[in-house]
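Chemist: A structural model of the following input is requested.
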Amino acid sequence: LRDAISYRKGCYVGQEVMERVDALGKVSKRLYRVRFAGDHLLEAGEEVTRPDGTRAGRIESASFSPTAGDTVAFATLK
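Modeler: Below is the predicted model:
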């Protein structure tokens, strides 16, 4: 996204975050779309764990998708 962001422009929403990402060269978390088999409804704030049991992130929002036949969610993951 470097070509889409102006670092010389004045104040804008998200400027501090973009400057921090630029300075660090990476982000610590990303928002992913995830899909869970079955119709178990997840709650926002629930932990997402790796297969070894360590914490990977949390669910931001979730809903059952009749089209997919599974639960789909957005999760913030490390």
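
Chemist: State the number of residues packed around residue 71.
Modeler: Residue 71 is flanked by 19 other residues according to other CB atoms under 10 Å. C-betas here are computed from N, CA, C, even on glycine.

Chemist: Run a quick neighbour tally on the nearest residue to it once chain neighbours are set aside.
Modeler: Leaving aside its sequence neighbours, residue 71 sits nearest to residue 36 (CB to CB, 6 or more residues apart in numbering; 4.4 Å). Neighbours of residue 36 under the rule other CB under 10 Å: 17.

Chemist: and residue 36, what does it touch?
Modeler: The contact partners of residue 36, by CB atoms under 8 Å, 6 or more residues apart in numbering, come to 42, 62, 70-73.

Chemist: Pick the one among those residues closest to residue 18.
Modeler: Residue 18 has its nearest neighbour among those in residue 73, at 26.1 Å by CB to CB.

Chemist: Pull the contacting residues for the closest one.
Modeler: Contact analysis of residue 73 by CB under 8 Å, 6+ apart lists 33-36, 42, 59-63.

Chemist: Which members of the residues you listed occur in strands, if any?
Modeler: Mapping the contacts of residue 73 onto strands (DSSP state E) picks out 33-36, 59-63.
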